[in-house]
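Trainee: how would this look folded up:
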Amino acid sequence: MAGLVEVFIFSAVMGLSIYLSLPLVMSKTIRRDRTILLNAVAVGILVFLIGDVFSDVSSNLYNGSLYGYGTSPSLDLTFTASLVLGFLLLLMLGERSRG
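Mentor: Alright, predicted model coming up:
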């Protein structure tokens, strides 16, 4: 498992790559096919990040603490709330950029 500093560095690199490409995507002078390509790359990065986070968290979530099947309710709630909040923020930002 990576250390905290490595996680922050990799997260910053991946997050900044999306953040820095945002002006290109929002620009009206860029062609539609390039916008679609940049959006696909950004979505791919986000899907990778979600999969990576879930692979690290799954050992904590599915530890069999409740009769061998269940999980820790506090960890479940934290993970689910974070995931839902992240998707809602992305949805709100997407709607805001359209309006």
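
Trainee: use CA for all of it now, contacts and neighbours both
Mentor: OK.

Trainee: List phi and psi for S82.
Mentor: Reported as degrees, to the nearest 10, the phi and psi values for S82 are phi -70, psi -40.

Trainee: Look up how far L20 lies from it.
Mentor: 24 Å (C-alpha to C-alpha, to the nearest Å).

Trainee: same check, this time on S58
Mentor: S58 is 31 Å from L20, where distance means C-alpha to C-alpha.

Trainee: And the two? Which one has more around it.
Mentor: Legend: neighbour count by other C-alpha atoms under 10 Å for S58 and L20, higher for S58 (13 against 10).

Trainee: list the contacts for that one?
Mentor: Going by C-alpha atoms under 8 Å, 6 or more residues apart in numbering, S58 touches no other residue.

Trainee: Counting neighbours, which bits of the helix or strand where it lies end up buried?
Mentor: Using DSSP states H and E, S58 falls within helix 32-61. Burial within helix 32-61, assessed by neighbour count using 16 or more other C-alpha atoms under 10 Å, is assigned to T35, L38, N39, A42, I45, L61.

Trainee: who touches the fifth one in this structure?
Mentor: Meaning I45. For I45, the contact set (C-alpha under 8 Å, 6+ apart) comprises M14.

Trainee: Run through this protein and note the low-pLDDT ranges.
Mentor: The model of the chain has pLDDT under 70 over residues 1-2, 25, 63-70, 97, 99.

Trainee: quick check: domain ranges of it?
Mentor: Per automatic domain parsing, the structural domains of the chain span 1-60, 62-99.
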